[in-house]
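Colleague: make a model of this:
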Amino acid sequence: MLEMQVSRTVAQKIYTVIHNVDADSITAGMVSRYVGGAVGEVASADGIGAVKISANADFINLAGVAKKDIPSDGYGIVQNWGYVDSVLVSAIAANSVTPGIMLGASAVAGATEGVTGVTDQALSTMAYNYIEAWVTTGAQSGLPYTSGFIRAI
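Modeller: So this is what the prediction gives:
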């Protein structure tokens, strides 16, 4: 785990190294999850292998947001705590992302979309792992990114 030095003027961020076991790259801003949450994945779970997130149920194994591109079968860094500069929002999502809205998995693997009405009960089923948007982003424009806060530890 990599952690920035504590500073009064810079938000604290925590990073973790993952091994991309997905068939293609995880690009900067994409969200990933650890392998092992699904029954068929248990045999290959090693605590570092990760794939792009593809369903809200995957948030229980949230690894983080890729800091830089991570090639298939390569290693890279994901941010899993603190203010995150850039999270990919799906261009096909129906909802625009507004400040304070939780981000969930979209139909595009690794991308997110706004999820309204997230309750404490719903967060508990995701082990309280979440990404919250802090900037308004129109979801229909290309590959937009938003900033916000991630809690995945």
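Colleague: name the helix or strand for Ile150, please.
Modeller: Taking DSSP states H and E as the criterion, Ile150 maps to strand 145-151.
Colleague: what packs against that strand?
Modeller: strand 75-88, strand 130-133 (3 or more C-beta pairs under 8 Å, 6 or more residues apart in numbering; DSSP states H and E). C-beta coordinates here come from the backbone N, C-alpha and C atoms, glycine included.
Colleague: rank these by pLDDT, which is bottom?
Modeller: Per-stretch mean pLDDT for the helices and strands packed on strand 145-151 is lowest at strand 130-133 (a mean of 90).
Colleague: strands paired with it, and their directions?
Modeller: Counting by DSSP bridges, the strands paired with strand 130-133 are strand 102-105 (antiparallel), strand 145-151 (antiparallel).
Colleague: including mean pLDDT and mean neighbour count, could those strands go into CSV?
Modeller: Formatted as CSV, those follow (pLDDT from 0 to 100; neighbours: other C-beta atoms under 10 Å):
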stretch, mean pLDDT, mean neighbour count
strand 102-105, 87, 24
strand 145-151, 92, 20
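Colleague: for the residue most central in space within the chain, give me phi and psi.
Modeller: For the chain, the residue nearest the mean C-alpha position is Val31 (3.0 Å; C-alpha atoms, centre = their mean). Dihedral angles of Val31 (phi, psi; degrees, to the nearest 10) stand at phi -100, psi 140.
Colleague: please consider this matter closed, and thank you.
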